[in-house]
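>>> missing the sequence, but the structure's below:
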């Protein structure tokens, strides 16, 4: 499934994301601007430093987490590939404003697997 990004009119630094066909009220993950995007580059092999950026590892945080630990991958040519680095330039370091009740352990992992099924391997 392609990535879906939802913005909020009243919270300009919060963006809900999912890779399944889920409406906004079911999205549990937000872009985590407190961490950096990692670029996956290709130059006779995968690396972080030299070559053409062929993919991004994008940090997300669950609405019930204090700090995020998950990332999802997006490849060149997919929707939002060019837009995500621009969002990071604009919002880097901003703190999210939405929180839900605390979530940990298996529930957190299950939510990530539900919303980003191709990124769980």
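Nice, thanks for sending it over. The model shown is predicted, which means the values in this text are computed figures rather than measured ones.
>>> now tell me which helix or strand of this structure has the poorest mean pLDDT.
One helix or strand of the chain scores below all others by mean pLDDT, DSSP states H and E: strand 46-47, with a mean of 86.
>>> parallel or antiparallel, list what pairs with that one.
The strands beside strand 46-47 in its sheet (DSSP bridges) come out as strand 38-42 (antiparallel).
>>> picking that back up, ok, and what's touching the least confident helix or strand of the chain?
Defining contact as C-beta atoms under 8 Å, 6 or more residues apart in numbering, one finds that strand 46-47 is touched by 40, 41. All C-beta spots, glycine's among them, are computed from the backbone N, C-alpha and C.
>>> let me know the next secondary structure element after that strand.
strand 52-62 (DSSP states H and E).
>>> for the helix or strand that that next one is followed by, the averaged confidence score.
Remark: after strand 52-62, the chain's next helix or strand is strand 70-75, criterion DSSP H and E. For strand 70-75, mean pLDDT rounds to 96.
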